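>>> Give the three-dimensional model of this entry:
(chains A, B, C and D, ligands or ions: 4)
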Amino acid sequence: MAQLSFGQAVNNALDLAMNMDESVFLAGEGVGISIHYDPNMPSHGLLGKYGPKRVKDTPVSEAAIAGLAVGASCMGLRPVVEIMFLPFITLATDMLVNHAGKLQYLSGGKSTFPLTVRVKAGVNFAAGCQHSHNLEAWLAHSPGLKVVFPSTPEDAKGLLLSAIFDPNPVIVIEEMGLYWGKGEVPEGDYRVPLGKARIALPGKDCTLVSYGGATHTAIEAAKILSKENISIEIIDLRTLVPLDRDCLLNSVKKTGRLVVLHDATKFGGFGAEIAAIVAEDAFEFLKAPIKRVAAPDIPVPFSPTQEKFYKPNADMVVDAVKSILN
Amino acid sequence: MAQLSFGQAVNNALDLAMNMDESVFLAGEGVGISIHYDPNMPSHGLLGKYGPKRVKDTPVSEAAIAGLAVGASCMGLRPVVEIMFLPFITLATDMLVNHAGKLQYLSGGKSTFPLTVRVKAGVNFAAGCQHSHNLEAWLAHSPGLKVVFPSTPEDAKGLLLSAIFDPNPVIVIEEMGLYWGKGEVPEGDYRVPLGKARIALPGKDCTLVSYGGATHTAIEAAKILSKENISIEIIDLRTLVPLDRDCLLNSVKKTGRLVVLHDATKFGGFGAEIAAIVAEDAFEFLKAPIKRVAAPDIPVPFSPTQEKFYKPNADMVVDAVKSILN
Amino acid sequence: MEPQANSVRLKTMYEKMVLIRKFEERIIELVQEQGRIPGMQILANGQEAVAVGIIEALKAEDVIVSNHRSHGHLLAKGADPKHLMAEIMGKATGVNKGKSGTLHLAVPEVNALMTSTVVGAGPPLAAGAAFAQQYRNEPNITVVFFGDGAAAEGSVHEAMNLAALWKLPLLFVCENNCWAGAQSYAQHCSVGEIAQRGIAYGMPGEFVDGNDVKKVYALALSMAEYCREGKGPALIEAKTYRMRGHGENDHQHYVDKAELEYWAKKCPIRSLKEKMLKDGIVTENELQAIETKTLAIVAEAVAFGDASPFPLAKEALNDVWA
Amino acid sequence: MEPQANSVRLKTMYEKMVLIRKFEERIIELVQEQGRIPGMQILANGQEAVAVGIIEALKAEDVIVSNHRSHGHLLAKGADPKHLMAEIMGKATGVNKGKSGTLHLAVPEVNALMTSTVVGAGPPLAAGAAFAQQYRNEPNITVVFFGDGAAAEGSVHEAMNLAALWKLPLLFVCENNCWAGAQSYAQHCSVGEIAQRGIAYGMPGEFVDGNDVKKVYALALSMAEYCREGKGPALIEAKTYRMRGHGENDHQHYVDKAELEYWAKKCPIRSLKEKMLKDGIVTENELQAIETKTLAIVAEAVAFGDASPFPLAKEALNDVWA
Ligand SMILES: Cc1ncc(C[n+]2csc(CCOP(=O)(O)OP(=O)(O)O)c2C)c(N)n1
Ligand SMILES: Cc1ncc(C[n+]2csc(CCOP(=O)(O)OP(=O)(O)O)c2C)c(N)n1
Ligand SMILES: [Mg+2]
Ligand SMILES: [Mg+2]
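Ligands and ions are numbered 1, 2, ... in the order given. Model prediction:
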């Protein structure tokens, strides 16, 4: 075990993968030479270590970056490409959704596309709505793509290694605000299986589902609630596709209550899917309405006062939980 | 009232809008000269009537088509542009989501973007997954965009006219399979307000929510169920954003049961949002689990046997309804 | 390979062109016999010399990436007509188990690696394939076919810039068939010759008569050589004509009949035939034998497709995940 | 307007360049005083001659579309420094009520119509604006600023093809500042001069020294005239240099110091100043007066921003819908 920041954990996973397998290469805008000189940045130092053949800085061409990954993976390489921020993934959605997610199917299973796309998410860095916009719900609604969204350094490493060596296209969303936060990270080729959620906190009164950065908000809320003797069970999904339905349903069957939390906007957000699954498959166990705590249905505003207002916080979660406890 | 096909109703709306307002223009691939020579095609005959200044055939450039609409609308025109099929809208999502939906907000309300994007949806024409892929859930999850998805010729006309003269960006999804089906259509400047659902069939045992082509599947299911004295209330949403929550909630409060139906894939589909709203705001009225009938989470297969399997049908709706009636 | 097609190669190319033509002519008949074939059929009738001339200049290990108008490319690359036809018919024995149909046929076993019906999507995919070849120091190249209409897509530009920058072994082949759907070249393209776009990326761009298979072959050979030597990508614009509608549901109401007649006279198959006869490379008897043999191949393909079952509905759930 | 900047215009341009420089130098200070200013600041230090030379050649009615590096464009177009600074500070009195911040500042009241921080998004948006001008037979044009990095985006290609095809009154201005983030021009662009890309669309493309405001102005004037006459779009590549990091959080660890020094010597403001002094167009006293006046404008802007309130949190919910 080592104490690593989230960014270092990602870096460690990339380093190990490249070291273990010659077919792994990195590409993206600034994955080699970055404007940041910071060991907490995921690809820091890898250009120096593996050289420009395997660490490829690209032009500002998101469709080509994604296309490169699709084409190279079809030839048997394991591309790990980066799209800088989630809103820019819109420029790559044709390549990801119509190609990465469908070409194996279209080939009748003849070809595989073992590619990984890393992309940064984040509200709260005052960059405004063209840099901050959580679109995980889009990717989760796209057949053939796996979607991963870790909340801890340990999971960031373990899930990324699993993603890179998974035979399918995997989108790994990294919450930028977490890069500098530290945690224990197992050494070596440590993998967290895709499709397994994590009980971040066991509890009995209410299930609280979240993922990515929002998990930290959930934990904050749990602390507040525990002072009032309210015990919530936090599920950190870790992987959105494939979803760990069992973990979700078992928890709700036990607690009888569900709150879903995410930083993305509410309407049509991923929380809706969680709510819908439970309303379909654990309805009989539900003692109260399902609450969603999410951002309002607006673009992310710039001004600090407004950006703070946008991002769901622990108090909102506390209120939601209390509102469904009689 | 006139008997018009769905395609003719769209055509009529475009014709009227162009006639009423000089600032309306059409652009898209083949909106002027089309490979089809068919009066049931939405822009049939308009090039001849309004000339190449106002009916613009474009290169195969979806991002530019959408960008054209955003820029021209910011200057006060009312662009009505076409993206040929829903999967190709991926190529325009940056322009639509990061620009059409956000630039008004980013301007602090100074600029408006009164544009309309028409786009064809459709499973069941044996074109495979790169032409058939319902992505309405993506657009509905994008702040600043309205989303319309009509099921009848009357609504196709009335909603499109409302969309064109709405001061906001509106995406109008047209189910291609409906183009040739006829219905009564009011003449003249007939508008159906955005944001108002329609009770396609009143009933009492279960609410069935759908939109677009799926509404016809819903009606088919209702007929089968009525033979067994099961009375379902069909809500045809018509507009997904803004959603008519009142209509939805009132119906469920009355029937106590909900089935949601759409042709899009289930996981993360728009049905999840409908289910989540009801599980949050009409929970106390629910007598049974909420069921979703939707496509499996796979790309649309080509082979007729498999494409048929993919598309949700009336029998599946019947089974879902029965499964939640004791 | 010899820099100019010799008579053996000319005959081979002729045979391949005839196969493509007959294969697709049979598809036209099947379309007309309602229900024999699902979906819209997009044919390369009139464009056979491009597919054959280019691919003949490649090695078997070279990769191609194709688009919606792919039958010619795939047959030229050596795909089995039986399994191709079965796929087009939506049968379980199809090259893609019936999941693709005519529009996205991929035949990786002959290095027809990927096909996309999203216009303009081929070039970035092909850049990825060419990158893999470069990464592994393979002596192979990738060829991507795209239309004149596709040249307007942003993805093509991104791929050209990337390929030129990284000197990828990628040959861009723009099949300029004068149409993008119902839009004529002049209606959708801002530059006189797409080949000139090579200048914008510092890569060679050459224009060729796409109805002259000999010329296409010769140019493809030199351009492929250039790519193979590691000099970077190259661009060929092959000017040809789409003799039928965009798809078989398009009845060309917008096409000038005189233009069609003009191009009909330039049929790549007929002109090659006449040339070979004139030069004494083939006899009428040999031509007849080729025709007979080809028709048999096509008949066998259709019979195979007909005899094949549709895939089971539930098998639609397979092949999403590896 | 006169084809070559006369001395009055030179002085005007000098004043504008100084305003941009001082405005942004004050931003640097505010960034260093932690908490005075939110988010990442992207400055045009060293590039002032491009913004000013181009925009000086326009009419007030002409439209500009800008990108993430926009302060210079907006000030040159006549945006009010007070409300601009307030926006950058996230205040309610900002040009966009604090919703935009530095990255997407739009000032439609001076026809700085739209700004996007999505690299490459400007050109299609600008094509739309230019289309509206053409549609209404206005005598105005649209100018879009984009970077050398942006030239790799597919959207730029699509917009160029469309604009050239439809002969839109659109002037493309590529500010080649030698960098796209931490990638040098040679690392991201496949062609020696982006101006050459004009050839790929049949539109004029010209290269100019972007640090020489006189040359930029003269070229902009003739190119704007070309567009205004309905001849179609045109492309200017203005070669300049990004003197600071990509943003103020970038400390240029990857930049060759000698290169920075080389370009520092070519400072567009200093060289214009020296030229004007040499030619007797200004006196040291006048220069001093300009400096004093400018610093007062900037101080007033910061004071205005400081004194302004933040928007109410709940007002975040406004302005989504018209
Ligand atoms: C992204 C995208 N936009 C639109 C279409 C619809 N479409 C199919 S083929 C075609 C024309 C393509 O023209 P070209 O590239 O010249 O190829 P050709 O059909 O002439 O072989 C269009 C617009 C598509 N398949 N993909
Ligand atoms: C679509 C997109 N991709 C990536 C980014 C991140 N990014 C911001 S500026 C920049 C470099 C742009 O370079 P250039 O166009 O030359 O403009 P400059 O910053 O040099 O003025 C990048 C990659 C972005 N904002 N948008
Ligand atoms: Mg064509
Ligand atoms: Mg630059």
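>>> Buried ones in the one helix or strand residue C:175 maps to, by neighbour count?
Under the criterion of DSSP states H and E, residue C:175 resides in strand C:170-176. Buried residues in strand C:170-176, counted by 16 or more other C-beta atoms under 10 Å in any protein chain shown: C:170, C:171, C:172, C:173, C:174, C:175, C:176. For glycine as for every other residue, the C-beta is placed from the backbone atoms N, C-alpha and C.
>>> For the fourth one, give the beta-bridge partners.
Spelled out, that is residue C:173. Using DSSP bridges, the beta-bridge partners of residue C:173 come out as residue C:145, residue C:236.
>>> So it is in contact with residue C:50, correct?
Yes: with contact defined as C-beta atoms under 8 Å, residue C:173 counts as touching residue C:50 (7.1 Å).
>>> joint contacts of those two?
Common neighbours of residue C:173 and residue C:50, counting by C-beta atoms under 8 Å, 6 or more residues apart in numbering or on different chains, are C:145, C:238.
>>> pLDDT on stretch A:168-182, on average?
Confidence for stretch A:168-182, expressed as mean pLDDT, is 98.
>>> and that stretch with chain C, contact?
Yes: contact of stretch A:168-182 with chain C (C-beta under 8 Å from any C-beta of the partner chain) involves residue A:168.
>>> Does that stretch reach ligand 2?
No: Stretch A:168-182 is not in contact with ligand 2 by C-beta under 6 Å from any ligand atom; minimum separation 12.9 Å.
>>> residue ranges for the helices of the stretch 201-322 of chain C, please.
C:213-228, C:257-265, C:268-278, C:284-307 (DSSP state H, counting those that start in this stretch).
>>> Also the stretch 1-150 of chain C?
Under DSSP H, counting those that start in this stretch, the stretch 1-150 of chain C gives helices at C:7-32, C:48-56, C:71-77, C:81-88, C:122-135.
>>> Do stretch C:241-252 and chain B come into contact?
Yes: judged by C-beta under 8 Å from any C-beta, stretch C:241-252 and chain B are in contact via C:245, C:246, C:247, C:249, C:250, C:251.
>>> Chain neighbours aside, what residue packs nearest to the residue in the stretch 151-300 of chain A positioned nearest to chain C?
Chain C sits closest to residue A:167 of the stretch 151-300 of chain A, with a gap of 3.6 Å, by C-beta to the nearest C-beta. Spatial nearest neighbour of residue A:167, excluding adjacent residues (C-beta to C-beta, 6 or more residues apart in numbering or on different chains): residue C:322 at 3.6 Å.
>>> Show the residue spans covered by the helices in the stretch 1-150 of chain A.
So, for the stretch 1-150 of chain A - with DSSP H, counting those that start in this stretch - the helices run A:6-20, A:46-50, A:62-74, A:93, A:103-106, A:136-140.
>>> Relative to residue D:12, which of those is closest?
Residue D:12 lies closest, by C-beta to C-beta, to one member of the helices of the stretch 1-150 of chain A: helix A:62-74, at 40.0 Å.
>>> what angle do the closest one and helix B:62-74 make?
160 degrees (axes from the mean of the first three to the mean of the last three C-alpha atoms, to 10 degrees).
>>> Now for the residue in the stretch 51-200 of chain A that chain B sits nearest to, how many residues are close by?
For the stretch 51-200 of chain A and chain B, the shortest gap (C-beta to the nearest C-beta) falls at residue A:141, measuring 3.3 Å. When neighbours are defined as other C-beta atoms under 10 Å in any protein chain shown, residue A:141 has 29 of them.
>>> who's in contact with the closest residue to residue A:304 other than its chain neighbours?
In this structure, residue A:304 finds its nearest non-sequential neighbour in residue D:38, 5.2 Å apart by C-beta to C-beta, 6+ apart. Residue D:38 sits next to A:126, A:302, A:303, A:304, D:89, D:90, D:101 when contact means C-beta under 8 Å, 6+ apart.
>>> I'd say the first one and residue A:306 touch.
No: using C-beta under 8 Å, residue A:126 makes no contact with residue A:306, being 10.3 Å away.
>>> Compare neighbour counts for these two and give me the winner.
residue A:306 (24 against 21).
>>> so that one touches residue D:319, yeah?
No: counting by C-beta under 8 Å, residue A:306 does not reach residue D:319; the two are 10.7 Å apart.
>>> Mind listing the shared neighbours of these two?
Residues touching both residue A:306 and residue D:319 (C-beta under 8 Å, 6+ apart) are residue D:99.
>>> Looking at chain C, what residue ends up closest to ligand 3?
In chain C, the residue that lies nearest ligand 3 is residue C:147 (3.6 Å; C-beta to the ion).
>>> if I look at residue A:321, how far off is residue A:203?
10 Å (C-beta to C-beta, to the nearest Å).
>>> the more surrounded of those two?
Shown here are residue A:321 and residue A:203; by other C-beta under 10 Å, residue A:321 has more neighbours (25 against 20).
>>> neighbouring contacts of the host helix or strand of the more buried one?
Per DSSP H and E: residue A:321 is located in helix A:314-323. With C-beta under 8 Å, 6+ apart as the test, helix A:314-323 has contacts from A:205-206, A:208, A:217-218, A:220-221, A:224-225, A:230, A:232, A:257, A:259, A:261, A:291-293.
>>> Make a ChimeraX selection of whichever of those turn out to be buried.
Applying 16+ other C-beta under 10 Å to the contacts of helix A:314-323, the buried members can be selected in ChimeraX as follows:
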select /A:205,206,208,217,218,221,225,230,232,257,259,261,291,292,293
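>>> Inside strands: which ones of the contacts of helix A:314-323?
Using DSSP state E, the subset of those located in strands is A:206, A:208, A:232, A:259, A:261, A:291, A:292, A:293.
>>> would you list the residues you listed in JSON lines and tack on pLDDT and distance to residue A:172?
Putting these into JSON lines (pLDDT from 0 to 100; distance: C-beta to C-beta, whole Å) gives the following:
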{"residue": "A:206", "pLDDT": "98", "distance to residue A:172": "29"}
{"residue": "A:208", "pLDDT": "98", "distance to residue A:172": "23"}
{"residue": "A:232", "pLDDT": "98", "distance to residue A:172": "27"}
{"residue": "A:259", "pLDDT": "98", "distance to residue A:172": "26"}
{"residue": "A:261", "pLDDT": "98", "distance to residue A:172": "20"}
{"residue": "A:291", "pLDDT": "98", "distance to residue A:172": "28"}
{"residue": "A:292", "pLDDT": "98", "distance to residue A:172": "24"}
{"residue": "A:293", "pLDDT": "98", "distance to residue A:172": "24"}
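>>> Any chance of JSON lines for these, columns distance to ligand 3?
Output for the ones in strands among the contacts of helix A:314-323, formatted as JSON lines (distance: C-beta to the ion, whole Å):
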{"residue": "A:206", "distance to ligand 3": "59"}
{"residue": "A:208", "distance to ligand 3": "55"}
{"residue": "A:232", "distance to ligand 3": "60"}
{"residue": "A:259", "distance to ligand 3": "54"}
{"residue": "A:261", "distance to ligand 3": "50"}
{"residue": "A:291", "distance to ligand 3": "54"}
{"residue": "A:292", "distance to ligand 3": "48"}
{"residue": "A:293", "distance to ligand 3": "51"}
